[in-house]
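Engineer: Just the structure for this:
(one chain, ligands or ions: 1)
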Amino acid sequence: MTDGSRTAVVLFTRDLRLTDQPALSEAVRTADRVVPLFVHDAAIERAGFATPNRRAFLGESLADLDGGLREKGGGLVVREGDVVEQTVSLAREVGASAIHLSRDDSAYAASRLAGLRDAVGRERPVVEHPGATVVPSGEVEPTTGDHYKVFTPFWRAWSEVAWRGVERAPTRVELPDGVQAPPFERGPVVTGTAPERPRGGFEEGERLLAGFLDGRLADYPDESDQLARDGTSRLSPHLHFGTVSPRRAAELAMARGDEAFTRQLCWRDFHHQVLRAFPALPRRDYRDRDRGWVEDDRAFEAWCEGRTGIPIVDAGMRQLLREGWMHNRARLIVASYLTKEVRVHWRHGAEFFLAHLADGDLANNSGNWQWVAGTGNDTRPNRRFNLLRQAQRFDPDGEYVRRFVPELSDLRRPEVHEPWRLGAGELRRRGYPEPLLPAHSPDGASTIPGL
Ligand SMILES: Cc1cc2nc3c(=O)[nH]c(=O)nc-3n(C[C@H](O)[C@H](O)[C@H](O)COP(=O)(O)OP(=O)(O)OC[C@H]3O[C@@H](n4cnc5c(N)ncnc54)[C@H](O)[C@@H]3O)c2cc1C
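Structural biologist: Numbers count the residues shown, from 1 in each chain. Model (predicted):
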C-alpha cells in the first residue's frame, strides 16, 4: 500500500471461524488492512476430496464466514484454481507484508506451505498459526523425540502442557482500498447429498456446542456409546472445517468439570500428530502387517448399501447414507465387520467413508480405520468384536436398528438383532437379506453365535 499502511493476507483453509482464529487475530494485530481469502483449491477437487456432503457443508460455512466478516467491515475474497498461485498473486496485488494461515498436518498441507514459501521467497513471510487442534502437533513429544505411537501416554502428556489462550473475534477486519469482496455466492445447489446431512457454518457450530455443553455433556460418560441416544456432540464436521475451535471447545468443557469429552478431542489431536509424523497414513499400513486381505466385491457392495443381513452393521451404514454422519460406536462395529470378518482391506472402507462423511478427515478417518484393522495404533491389533454382543450392549432395545432398518421396524429382542431366527421365508417376505456369512474370518469361526 502506498499510504504507508500495512496489509496482510489471511488464507482460510479449514479454520472457517472468527472466534479463536489465531491466524486472523495475528493479522489484525499486526496489519492495518486484512484480506481474508479462501481458494477453491483445484488440487482438492482433482483428488476427489470435495464430495457432496462436505462441499455443501463448506458452502454454508463460507457464506457464514463472509457474513461475519462483513459485519466487521470486511468480506471474504473467494478465488479458485491453484491455491499457491492465487494466494501469491493476491498478496502481490495488495502489497501484503505477510501471509497468515493455520498450521495443518497432512502431506498436502505441508506441500502447500512449502509451495507458498517457495513462491514468495524472502519477499514476505508466510506465517503458520495454531488452531486446527487443541495442542499443535509436535508440541507434545515423547522424550525420545518423534511422535506418540500409543494414546495413553499421549493423553497424560497432553493433559499437562500449557495451552495457548483462546482468541476473541476481532472487532474490525478492514479490507484495503480497491479490494473487492463481492457478497459470497453459494453457486448451484449441491446434488447427491445425504437427506439429513449436517449443516455448516460457525453459527450452527456455536448452536450445537452450546446445546451440548448445557445438555448432554453431563451424561456423556454414560451415554456416548449408546447408539440410540443422541448422546454425543455431533461437532465432528465443525471441528473438521474449523467452524468450531477445538481449543475453545476443550476449555469450555473442562470448565464444566468434563474429562470424557475432552479425552475424545485428545484422540483427535493424537491422530493428527500421527498423520504429521507418518503422512502416508491414508494409503499405507502404519504398522506393516500381512492381514491376508481378500477381494470380495459382493460382500463389499452389501456393506456399502447396508444390506449385509447383520442388523447392527446395516443400521450403521444406513445412518451414514441418510445423515452423512455415523455414531462412533457404529463406525467401530461396521469397520470391524469389514476388516476382521469379511477381511476386505481397510482402505476400501476408509474411501467409502470419505465419500460420504461430512466430517471425513484424513487424520481421524485413516487413523481410526487402521486402529480397527489392527495395522495402526491399537496395542491389541488382534482385538475382534463380537458383533452380537456389541449390538446387545450398545443398542439394548434394538431402537437404533429399528430407526435405520425399516424392514425390521416392528421387531423386538432377540429377533431385532438376530432376524435370521425368523427363517429364510420371513426374511424374503420382509425384503431383508439373509446374513452374509463372514466366510473369511481368520479361524473360520464367526463372532455371531449360531452363524
Ligand atoms: C472407522 C472410523 C472412522 C472414523 N472417521 C472419522 C472421520 O473421518 N472424521 C472424524 O472426525 N472422525 C472420525 N472417526 C472418529 C469418531 O467416530 C467421530 O469423530 C465421532 O463419531 C464424531 O461424532 P461426535 O462429534 O458426536 O463425537 P463426540 O463423541 O462428541 O466427540 C467429540 C469430538 O472428538 C473427536 N473424536 C471423537 N472420537 C474420536 C476418535 N475415535 N478419533 C479421533 N477423534 C475423535 C471428534 O472430533 C469429535 O467431534 C472415525 C471413527 C472410526 C471408528
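Engineer: Check which element follows the lengthiest strand in the chain along the chain.
Structural biologist: If you go by DSSP state E, the chain has its longest strand at strand 33-41. In the C-terminal direction, the helix or strand that comes right after strand 33-41 (DSSP states H and E) is helix 42-46.
Engineer: contacting residues around that following helix?
Structural biologist: 50, 80-83, 108 (Cβ atoms under 8 Å, 6 or more residues apart in numbering). Every C-beta, even on glycine, is put in place using the N, C-alpha and C of the backbone.
Engineer: One more pass at 7 Å, please.
Structural biologist: With contact meaning Cβ atoms under 7 Å, 6 or more residues apart in numbering, helix 42-46 is reached by 50, 80-82.
Engineer: With only the CA atoms kept, save the host helix or strand of Gly211 in PDB.
Structural biologist: Element membership for Gly211, per DSSP H and E: helix 202-214. Presented in PDB, the C-alpha positions along helix 202-214 are these (Å, rounded to 0.1, in the frame of the first residue of the first chain):
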ATOM      1  CA  PHE A 202     -20.000 -21.200  12.600                       C
ATOM      2  CA  GLU A 203     -23.400 -20.100  13.900                       C
ATOM      3  CA  GLU A 204     -24.700 -23.700  13.600                       C
ATOM      4  CA  GLY A 205     -21.400 -24.900  15.200                       C
ATOM      5  CA  GLU A 206     -21.900 -22.500  18.100                       C
ATOM      6  CA  ARG A 207     -25.500 -23.600  18.500                       C
ATOM      7  CA  LEU A 208     -24.500 -27.300  18.600                       C
ATOM      8  CA  LEU A 209     -21.600 -26.600  21.000                       C
ATOM      9  CA  ALA A 210     -23.700 -24.500  23.400                       C
ATOM     10  CA  GLY A 211     -26.600 -27.000  23.300                       C
ATOM     11  CA  PHE A 212     -24.200 -29.900  24.000                       C
ATOM     12  CA  LEU A 213     -22.300 -28.200  26.900                       C
ATOM     13  CA  ASP A 214     -25.500 -27.200  28.600                       C
END
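Engineer: Just the C-alphas of the helix or strand just after it, formatted as CSV.
Structural biologist: Per DSSP H and E, the first helix or strand lying C-terminal to helix 202-214 is helix 220-223. Below are the C-alpha coordinates for helix 220-223, written out as CSV (Å, rounded to 0.1, in the frame of the first residue of the first chain):
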residue,chain,number,x,y,z
TYR,A,220,-21.6,-38.1,28.1
PRO,A,221,-19.5,-40.7,30.1
ASP,A,222,-22.6,-42.9,30.4
GLU,A,223,-24.5,-42.2,27.2
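Engineer: just checking, what packs against helix 220-223?
Structural biologist: helix 260-277 (3 or more Cβ pairs under 7 Å, 6 or more residues apart in numbering; DSSP states H and E).
Engineer: okay, the angle between the helix it packs on and helix 202-214?
Structural biologist: Interaxial angle, helix 260-277 versus helix 202-214 (axes from the mean of the first three to the mean of the last three Cα atoms, to 10 degrees): 130 degrees.
Engineer: And the strands in the stretch 251-400 of the chain, which stretches?
Structural biologist: In the stretch 251-400 of the chain, no segments count as strands under DSSP state E, counting those that start in this stretch.
Engineer: Tell me the residues on it that lie near the ligand, please.
Structural biologist: 261, 264-265, 267-268, 271, 328, 331-332, 335, 353, 357, 359-361, 364-365, 368-369, 372 (Cβ under 6 Å from any ligand atom).
Engineer: Among these, which ones are in helices?
Structural biologist: Taking DSSP state H as the definition of helices, those contribute 261, 264-265, 267-268, 271, 328, 331-332, 335, 353, 364-365, 368-369, 372.
Engineer: Show the buried residues in the residues you listed.
Structural biologist: Buried subset of these (neighbour count, 16 or more other Cβ atoms under 10 Å): 261, 264-265, 267-268, 271, 331-332, 335, 353, 364-365, 368-369, 372.
Engineer: so what pLDDT did Gly450 get?
Structural biologist: Listed pLDDT for Gly450 reads 53.
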